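>>> the sequence isn't on hand, but the structure is:
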């Protein structure tokens with residue numbers, strides 16, 4: 001699985017900076033502004049932010065609709081085919097970017113409209129949300145229950161290793177030959193995705209035993225009238241959307257002393273993750289901000305991205321594992337109460353990561369915009385808090401186990417993927433509207449918004465209770 005995660009992230013990293021350039025170029029052509037005046041135009045920045053937000057929103061809406069049903073489909077047909085489908089969506093996305101950058105073609109002339117085909121194709125197969133969900137589910141299939149902060153941290157670190165190498169590799173390719181423009185990198189990312197699809201199809205093993213419906217059930221389904229089949233399909237789609245999120249509803253738990261209480265821990269953990277996922281939408285607008293304020297080229301922006309991903313990888317592969325190794329309570333299978341110590345550890349680790357992240361965004365908003373070193377330094381500090389995502393995933397799994405619902409871990413990661421998709425529906429519009437309306441007066445408003453969301457997430461985590469009692473979940 002590790003090569004899949006790294007190469008997929010590298011392909012994203014290679015094309016990340018050129019995508020920002022694509023949005024700016026499309027906005028310039030749409031507004032009829034000369035290329036030299038584009039860099040300093042707030043109108044172009046607002047239009048580029050709206051284009052980026054439209055792409056992300058369409059993909060996220062479709063991902064939110066598709067992730068739940070695809071996750072349920074993967075439970076029966078295996079993680080491997082689902083992983084293949086999600087990667088094929090990323091491959092289609094790169095091809096669309098490649099087409100809209102080819103001059104003297106209909107795709108180039110109608111780039112602002114045709115570029116929306118990419119997120120439709122990617123969102124239909126679940127997009128990045130479904131990819132992350134199936135990767136976490138694949139990892140859970142291959143690991144023991146309990147706190148998975150270390151393995152999720154390592155996995156997330158592999159993502160950032162790929163994202164760090166991608167922009168650096170892209171800058172190396174374009175700077176080595178003057179005749180190459182940044183859009184050449186879409187050929188590189190498309191080739192990487194194509195090779196990755198071949199690897200998944202031919203080499204990657206399946207993590208779970210495939211489950212097939214009995215022949216009688218299949219035959220019976222085929223004999224249903226068309227109207228009944230459509231109605232049944234819509235019902236299954238609705239169930240796929242609602243049933244994953246329902247796992248965050250509070251449940252009544254009963255301890256061995258007989259007392260019954262409503263457990264909100266998973267609800268607070270899910271809410272904190274949701275706010276965190278909305279807050280990280282600042283990154284895509286942050287790149288537009290840096291390109292606008294400091295007039296960076298695509299290569300310079302790529303090196304900045306590479307620096308951020310490198311620091312995130314160092315944090316996830318070195319710093320966070322050291323913290324987990326030395327401070328995490330030892331899991332004792334014979335002691336059912338040890339799970340509460342692991343829950344306390346994951347909770348504190350998540351709070352610390354989100355608090356530092358919020359502080360870094362707040363500092364960016366406070367320091368003068370003219371201070372480019374300060375902007376880079378505080379962005380790097382924010383990257384050192386990248387443990388929030390894997391720790392919150394681990395915290396959710398531990399909350400589930402502590403409430404006596406370990407068997408629902410697969411549903412949990414499907415639900416977290418749905419939360420991610422919904423957050424990515426809200427986030428781009430929220431930040432695009434904020435940036436578009438404040439870029440001419442106070443462009444740092446996006447950092448104030450991100451810090452507020454992260455601060456609220458830290459507050460939600462504070463409500464998670466450590467009970468130190470053996471509990472059993474009860475459906476009500």
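Thanks, I have the structure now. This is a predicted model, so every value here is computed, not measured. Numbers count the residues shown, from 1 in each chain.
>>> pLDDT on the strand or helix carrying residue 326, on average?
If you go by DSSP states H and E, residue 326 is part of helix 320-327. Mean pLDDT, helix 320-327: 81.
>>> now whichever helix or strand comes after it: average pLDDT?
Moving toward the C-terminus from helix 320-327, the next helix or strand (DSSP H and E) is helix 338-366. For helix 338-366, the mean per-residue pLDDT is 87.
>>> what packs against the helix holding residue 326?
Helices and strands touching helix 320-327, as assessed by 3 or more CB pairs under 8 Å, 6 or more residues apart in numbering; DSSP states H and E, comprise helix 149-176, helix 338-366. (Glycine included, C-beta is placed from N, CA and C.)
>>> buried stuff in it?
Judged by neighbour count using 16 or more other CB atoms under 10 Å, the buried positions of helix 320-327 are 320, 321, 323, 324.
>>> surely the third one touches residue 349?
Yes - in this structure residue 323 lies within contact range of residue 349 using CB atoms under 8 Å: 7.1 Å.
>>> per-residue pLDDT, residue 286?
At residue 286, the predicted lDDT confidence score is 85.
>>> dump the helices and strands packed on helix 320-327 into CSV; add distance to residue 194 and mean neighbour count as well.
Formatted as CSV, the helices and strands packed on helix 320-327 follow (distance: least, CB to CB, whole Å; neighbours: other CB atoms under 10 Å):
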stretch, distance to residue 194, mean neighbour count
helix 149-176, 16, 22
helix 338-366, 35, 21
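>>> export those as a markdown table, with columns for distance to residue 29.
Output for the helices and strands packed on helix 320-327, formatted as a markdown table (distance: least, CB to CB, whole Å):
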| stretch | distance to residue 29 |
| --- | --- |
| helix 149-176 | 22 |
| helix 338-366 | 31 |
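>>> nearest to residue 291, of those?
Nearest to residue 291, of all these, is helix 149-176, at 13.5 Å by CB to CB.
>>> what's the first helix or strand after that closest one?
With DSSP H and E, the next secondary element past helix 149-176 is helix 185-202.
>>> okay, the angle between that next one and helix 149-176?
On the basis of axes from the mean of the first three to the mean of the last three CA atoms, to 10 degrees, helix 185-202 is oriented at 140 degrees to helix 149-176.
>>> centre of the chain to helix 185-202, how far?
Distance of helix 185-202 from its chain centroid, counting by CA atoms, centre = their mean, to the nearest Å, is 20 Å.
>>> give me the residues contacting it.
3-4, 7-8, 10-12, 14-15, 18, 80, 83-84, 87-88, 90-91, 94-95, 97-98, 101, 169-170, 173-174 (CB atoms under 8 Å, 6 or more residues apart in numbering).
>>> narrow the residues you listed to those that are buried.
Buried members of the contacts of helix 185-202, scored by 16+ other CB under 10 Å, are 4, 7-8, 10-12, 14-15, 18, 80, 83-84, 87-88, 90-91, 94-95, 97-98, 101, 169-170, 173-174.
>>> so of the buried residues of helix 320-327, which two are at opposite extremes in space?
321 and 323 (7.3 Å).
>>> mind checking what helix or strand follows the lengthiest helix in the chain in sequence?
In the chain, with assignment by DSSP state H, the single longest helix is helix 42-77. Counting by DSSP H and E, the next helix or strand C-terminal to helix 42-77 is helix 79-100.
>>> what's the weakest-modelled helix or strand in this protein?
Least confident helix or strand, the chain: helix 215-222 with a mean of 42, by mean pLDDT, DSSP states H and E.
>>> where's the nearest residue to residue 424 once chain neighbours are set aside relative to residue 197, distance?
Excluding the flanking residues, the one nearest residue 424 by CB to CB, 6 or more residues apart in numbering is residue 60, at 3.6 Å. Look at residue 60 and residue 197: by CB to CB, to the nearest Å, they are 23 Å apart.
>>> do residue 442 as well
According to CB to CB, residue 442 and residue 197 sit 44 Å apart.
>>> these two: which is more packed in?
Per other CB atoms under 10 Å, whichever of residue 442 and residue 197 has more neighbours is residue 197, with 17 against 13.
>>> and the helix or strand harbouring residue 454 with helix 42-77, angle?
Taking DSSP H and E as the criterion, residue 454 maps to helix 445-462. Calculated by the same axes, to 10 degrees, helix 445-462 forms an angle of 30 degrees with helix 42-77.
>>> ok now helix 445-462, how far from the chain's centre?
Distance of helix 445-462 from its chain centroid, counting by CA atoms, centre = their mean, is 18 Å.
>>> swap in stretch 358-368?
Between the centre of stretch 358-368 and the centre of its chain there are 23 Å (CA atoms, centre = their mean).
>>> in stretch 172-189, which residues are buried?
Neighbour-count burial for stretch 172-189 flags 173, 174, 182, 183, 184, 185, 186, 188, 189 (criterion: 16+ other CB under 10 Å).
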